[in-house]
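J.: Okay, sequence plus prediction incoming.
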Amino acid sequence: MKEPSVQYQVALFESVSHVMHAERILKEAHVPHKLIPVPRIISSDCGVCIRFLPEHSEVLENTLAGKVEGFEIRQL
Amino acid sequence: MSEIIDAKGLACPEPVILTKKALEAHGDIVVLVDNTTAMENIRRLASNAGCSVEIADEAEGIFRIHLMKQGGGTPGNLTPEYLSCNTDAPLAAAGPTVFVIASDTMGRGNDELGSVLMRAFIHTAAELESLPDVMIFYNAGVKLTSEGSDVLDNLKKLEEKGVTMLVCGTCVNYFNLTGKVAAGVVSNMYDIAGILSRAGRIVQP
């Protein structure tokens, strides 16, 4: 399958509940993002994560800081 | 003298496409295929195009399909029912694979979780190697096709890959989304019921 040419980043969370909580916060703050399944290259678990463009990385991290515990940013 | 189309070894839907092209140029063709899916799809295409169809076993696993135009008919468009490509599931050969999206959530129990799951499903569907032929959206499923939907990019990608998308017009009206459908074609119960009734496989997440 052809990969998108854009180099996205993803935020991984400790649980689906954390993802949903983070998504609510990001939507309220109008931070562009997309909820996707965790890519297979990262995990084979059935999970979801939040994908975003690198230019939104800083605002995303700042928006979630102190509100959502233990998330991790990865390059796709 | 029949025009001979050797479609053995070709991946679906190539045999059907070759047959359609040949029928546009010739009135008498013989198509050789090596799987029952292609054979059934070509038989259906030919019948709808007003051709006589004779099928013989050429050799082990190879079918010789003799098509002759009976006048008046044309191959028409290659609608999904001719292009069902799943040779692993014989039942699917009888009609298109249809994904039915009957809600904007997946499963029952918690709607917020269900929304997460449905969006993940649609995202994944767009990356599948074996795509559906048709996706039908009804009830709250139509919200996914409308402006502001988180999966519009995935649905547009599916459309670009040739997936036909039917969106229930009654449902669009009910949810006040008229004029806001941004993926698929607003359709009606005649088309939806027609596709469902001819489906080879129905998948409802």
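T.: Sure, I can see it.
J.: list the contacts for the residue of chain B found nearest chain A?
T.: The nearest approach of chain B to chain A comes at residue B:120, 4.5 Å away (CB to the nearest CB). Any C-beta I mention is one placed from the backbone N, CA and C, and that applies to glycine too. Applying CB atoms under 8 Å, 6 or more residues apart in numbering or on different chains, we find residue B:120 in contact with A:35-37, A:48.
J.: so where does it fall, helix or strand?
T.: Assigned by DSSP states H and E, residue B:120 belongs to helix B:111-125.
J.: Quick check: residue B:51 touching residue B:70?
T.: Yes - under the criterion of CB atoms under 8 Å, residue B:51 makes contact with residue B:70 at 6.3 Å.
J.: can I get the CA coordinates of the least confident helix or strand in chain B by mean pLDDT in PDB?
T.: Across the helices and strands of chain B, mean confidence by mean pLDDT, DSSP states H and E is lowest for helix B:36-48: a mean of 81. In PDB, the C-alpha atoms belonging to helix B:36-48 read as follows (Å, rounded to 0.1, in the frame of the first residue of the first chain):
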ATOM      1  CA  THR B  36     -15.000 -19.100 -12.100                       C
ATOM      2  CA  THR B  37     -15.200 -15.500 -10.800                       C
ATOM      3  CA  ALA B  38     -14.100 -14.000 -14.100                       C
ATOM      4  CA  MET B  39     -16.300 -16.500 -16.000                       C
ATOM      5  CA  GLU B  40     -19.400 -15.500 -14.000                       C
ATOM      6  CA  ASN B  41     -18.700 -11.800 -14.300                       C
ATOM      7  CA  ILE B  42     -18.200 -12.000 -18.000                       C
ATOM      8  CA  ARG B  43     -21.400 -14.100 -18.400                       C
ATOM      9  CA  ARG B  44     -23.300 -11.400 -16.600                       C
ATOM     10  CA  LEU B  45     -21.700  -8.600 -18.600                       C
ATOM     11  CA  ALA B  46     -22.500 -10.400 -21.800                       C
ATOM     12  CA  SER B  47     -26.100 -11.100 -20.900                       C
ATOM     13  CA  ASN B  48     -26.800  -7.500 -20.000                       C
END
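J.: Could you pull out the buried residues of that helix?
T.: For helix B:36-48, the neighbour count (16 or more other CB atoms under 10 Å in any protein chain shown) marks B:37-46 as buried.
J.: same check, this time on stretch B:161-174
T.: Within stretch B:161-174, the residues that count as buried by 16+ other CB under 10 Å are B:163-169, B:171-172.
J.: Need the contact partners of that stretch.
T.: Residues from elsewhere that reach stretch B:161-174 (CB under 8 Å, 6+ apart): B:79-80, B:126, B:131-142, B:145-146, B:155, B:158-159, B:178, B:180-181, B:183-189, B:191-192, B:195.
J.: among the residues you listed, which are in helices?
T.: B:155, B:158-159, B:189, B:191-192, B:195 (DSSP state H).
J.: If you go by neighbour count, which of those residues are buried?
T.: Buried subset of the ones in helices among the contacts of stretch B:161-174 (neighbour count, 16+ other CB under 10 Å): B:155, B:158-159, B:191-192, B:195.
J.: Closest one of those to residue A:23?
T.: residue B:155 (19.5 Å; CB to CB).
J.: Do a quick rundown of the strands in chain A.
T.: Ranges of strands in chain A, per DSSP state E, are A:9-12, A:34-37, A:48-52, A:72-75.
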